[in-house]
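In: need coordinates for the following:
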Amino acid sequence: MGARLTLETTAARLVGRLSRAAGRGGGTTLPGKLLWKVDPDAIDALAARLRFGSALISATNGKTTTSAMTARILAGRYRLAWNHSGANLASGVASTLLAAPDAELGLLEVDEGALPEVMRRVQPRAVSLGNLFRDQLDRYGELELIAERWRDAIARLDERATLVVNADDPLVADLAHGRSRALRFGLDDLRQARSSLQHAADSKYCIRCGRPYRYEGAYVGHLGDYRCAGCGHARPQLDVAARNIELEGLDASAFDLVAPEGTTRVRLPLPGLYNVYNALAACSLSLALGTPLADIRVGLESFSPAFGRFERIEAGGRRMLILLIKNPAGANEAIRTLEHGGVPPVLVIALNDAIADGQDVSWIWDVDLEPLLARAERVIASGDRAAELALRCTYGGLPRDALEVVPSLEAALDRGLELIPPGGELAVLPTYTAMLRLRAIAAGRGLVRPYWERAEA
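Out: Predicted structure coming up:
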């Protein structure tokens, strides 16, 4: 490491320590922002020192959970530079590499928009692409724009690198077309599939000829077993698959993990088909890095939820169940999981419109809230856009006497906990910045660690 880079990284690390000491945050992005401004090429140099290279994970939904699962699998094999706090822009990647000078492998969650730049700089040995859903259109634009930027980045990816893609997503699966080193994963259990797409599904039309796809089964949003009757474009053959899937309410899911290396039964301590997808992505990436199947099973079965993603927090003899919602596909799957496990009587739904949430909140009208509203005894609408959320609930059929509008997140949380009996569970469905605020409240009360602090395995 050159003298200039040594000076730059020392200064940036000092900024991070000062940020933590001042109580201004975890120092997860500020050091990297400073380094990025002073010397963007420093990321390249920091990544190049990693003995076993880097692996990148990106997706619209699930990338934080997938990276946490992968970290759990790999923790016994490598010293990791892993952005466990979810700081996934270029500055967060820089901060992660700065904070782990002894790391051997970079395990980096990357924002969809930042992925091409980060790929160019760190030159990864493996890249996992999970899905593309409509999300923050005011920031990202249409899905096809992101897919095209990804395609350009992949065209420059070293041929020796392994590309891991979700074969059940037409746009994502096509990115691996023609690559010799690729792993394609997906679900293969029609008992868990819908026979047709939901109204809010995104990639409905053939990427080759534009005709509507026909689905033998749709699992999550537009993810499924698709085929175009016009030109024949279809889901590619799966290299890694989940079969014989069993969903165990709000507690767990189990499936046969089928891979080129063999088959093993996994009981994942997370519910929902979307978490089975996350597990498949983590498994496939781990396989690409040479991890034995037995180690993958052990890692998945000992996994604890990433912060805010189906996280349970004890609160004075009651529990909060936090399910992040940020777009129609993710929200609909959270609702589907709650339906399957039993809708709690009291719900807090929090809608913010900060830049990190997406400032256009019209997506809430594409969320199928009605199954929740029909079963919940009380819904508390909160967040910066609580009024719009309350209107959506009213149009969804929720009786006025079952709805409370409490814009303050802390007050809404307290009201929800007040309404449930000792031993009961309050379901909280926040958007991203609302989730961070709720966890900050919980951390301030000593219920959880701050999200940037990682508990030891």
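In: can you list the weak-confidence ranges in this structure?
Out: 1-39, 136-141, 200, 451-457 (pLDDT under 70).
In: report the beta-bridge partner residues of Phe185.
Out: Asn166, Val240 (DSSP bridges).
In: quick check: it touching Arg243?
Out: No - using C-beta atoms under 8 Å, Phe185 makes no contact with Arg243, being 12.0 Å away. (Each C-beta comes from the backbone N, C-alpha and C, glycine too.)
In: neighbour-wise, which of these two wins?
Out: For Phe185 versus Arg243, neighbours defined as other C-beta atoms under 10 Å are more numerous around Phe185 (30 against 13).
In: list the contacts of the more buried one.
Out: Val164, Val165, Asn166, Ala167, Leu238, Asp239, Val240, Ala241, Leu280, Ala281, Cys283, Ser284 (C-beta atoms under 8 Å, 6 or more residues apart in numbering).
In: outline the domain layout of this protein.
Out: 3-301, 310-444 (automatic domain parsing).
In: now Ile57, which residues is it bridged with?
Out: Ile57 has these beta-bridge partners by DSSP bridges: Glu109, Ser128.
In: that one - how many residues pack around it?
Out: Ile57 has 31 neighbouring residues, counting by other C-beta under 10 Å.
In: before we move on, what about Glu216?
Out: Glu216, neighbours per other C-beta under 10 Å, totals 13.
In: end to end, how far does stretch 221-238 reach?
Out: Taking C-alpha to C-alpha, to the nearest Å as the measure, stretch 221-238 stretches 19 Å from start to finish.
In: for the stretch 251-400 of the chain, what spans make up the helices?
Out: Using DSSP state H, counting those that start in this stretch, the helices of the stretch 251-400 of the chain run over 273-288, 293-301, 328-341, 370-375, 386-395.
In: got JSON lines for those helices, with distance to Tyr432 and mean neighbour count too?
Out: Formatted as JSON lines, the helices of the stretch 251-400 of the chain follow (distance: least, C-beta to C-beta, whole Å; neighbours: other C-beta atoms under 10 Å):
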{"stretch": "helix 273-288", "distance to Tyr432": "16", "mean neighbour count": "27"}
{"stretch": "helix 293-301", "distance to Tyr432": "25", "mean neighbour count": "19"}
{"stretch": "helix 328-341", "distance to Tyr432": "10", "mean neighbour count": "21"}
{"stretch": "helix 370-375", "distance to Tyr432": "20", "mean neighbour count": "17"}
{"stretch": "helix 386-395", "distance to Tyr432": "15", "mean neighbour count": "19"}
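In: how about those helices in CSV, adding distance to Leu321?
Out: Supplementary listing: the helices of the stretch 251-400 of the chain in CSV, determined by distance: least, C-beta to C-beta, whole Å:
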stretch, distance to Leu321
helix 273-288, 14
helix 293-301, 21
helix 328-341, 9
helix 370-375, 13
helix 386-395, 19
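In: rewinding a little: any chance of the domains of the chain in a markdown table, plus distance to Pro450?
Out: A markdown table is the format used below for those (distance: least, C-beta to C-beta, whole Å):
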| stretch | distance to Pro450 |
| --- | --- |
| domain 3-301 | 6 |
| domain 310-444 | 5 |
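In: mind checking how far Gly210 is from Val298?
Out: 45 Å (C-beta to C-beta, to the nearest Å).
In: can you give me the helices for the stretch 51-200 of the chain?
Out: Under DSSP H, counting those that start in this stretch, the stretch 51-200 of the chain gives helices at 63-74, 90-99, 115-122, 137-140, 143-155, 170-173.
In: of all those helices, which lies closest to Val448?
Out: Closest approach to Val448 among the helices of the stretch 51-200 of the chain is made by helix 63-74 (15.1 Å; C-beta to C-beta).
In: buried stuff in that closest one?
Out: Buried residues in helix 63-74, defined by neighbour count with 16 or more other C-beta atoms under 10 Å: Lys63, Thr64, Thr65, Thr66, Ser67, Ala68, Met69, Thr70, Ala71, Arg72, Ile73, Leu74.
In: how much space separates the second one from Val110?
Out: Pointing back at Thr64 there. Thr64 sits at a distance of 11 Å from Val110 (criterion: C-beta to C-beta).
In: for the first one, same thing?
Out: Distance check for Lys63 against Val110: by C-beta to C-beta, it reads 8 Å.
In: show me whatever sits in contact with both of these two.
Out: With C-beta under 8 Å, 6+ apart, Lys63 and Val110 have common neighbours Ile57, Asn88.
In: let me see the contact set for Glu377.
Out: Per C-beta under 8 Å, 6+ apart, neighbours of Glu377: Pro345, Val346, Ala402.
In: which of those residues count as buried?
Out: Neighbour counting by 16+ other C-beta under 10 Å classes Pro345, Val346 among the contacts of Glu377 as buried.
In: which of the contacts of Glu377 fall in strands?
Out: Of the contacts of Glu377, the ones assigned to strands by DSSP state E are Val346.
In: nearest to Glu117, of the contacts of Glu377?
Out: Val346 (43.3 Å).
In: against Leu447, how distant is that closest one?
Out: For Val346 relative to Leu447 (C-beta to C-beta), the value is 18 Å.
In: strands of the stretch 101-250 of the chain, start to end?
Out: 105-109, 126-129, 162-166, 182-187, 213-220, 223-228, 240-248 (DSSP state E, counting those that start in this stretch).
In: tell me which residues are up against the longest one.
Out: Contacts made with strand 240-248 from outside it, assessed by C-beta under 8 Å, 6+ apart, are listed as 183-189, 191-192, 253-260, 271-273, 276, 279-280, 283-284, 287, 337, 340.
In: rewinding a little: closest one of the buried residues of helix 63-74 to Leu171?
Out: Of these, the one sitting nearest to Leu171 (C-beta to C-beta) turns out to be Lys63, at 15.9 Å.
In: wait, what's in contact with that closest one?
Out: Ile57, Asn88, Glu109, Val110, Gly130.
In: how far away is it from Ala114?
Out: Lys63 is 11 Å from Ala114, by C-beta to C-beta.
In: do Gly316 as well
Out: To Ala114, Gly316 is 40 Å away according to C-beta to C-beta.
In: show me the residues around the spatially most central residue of the chain that make contact.
Out: When C-alpha atoms, centre = their mean is applied to the chain, the residue found nearest the centroid is Gly62 (2.1 Å). Taking C-beta under 8 Å, 6+ apart, we find Gly62 in contact with Gly130, Asn131, Tyr274, Asn275, Tyr277, Asn278, Ala281.
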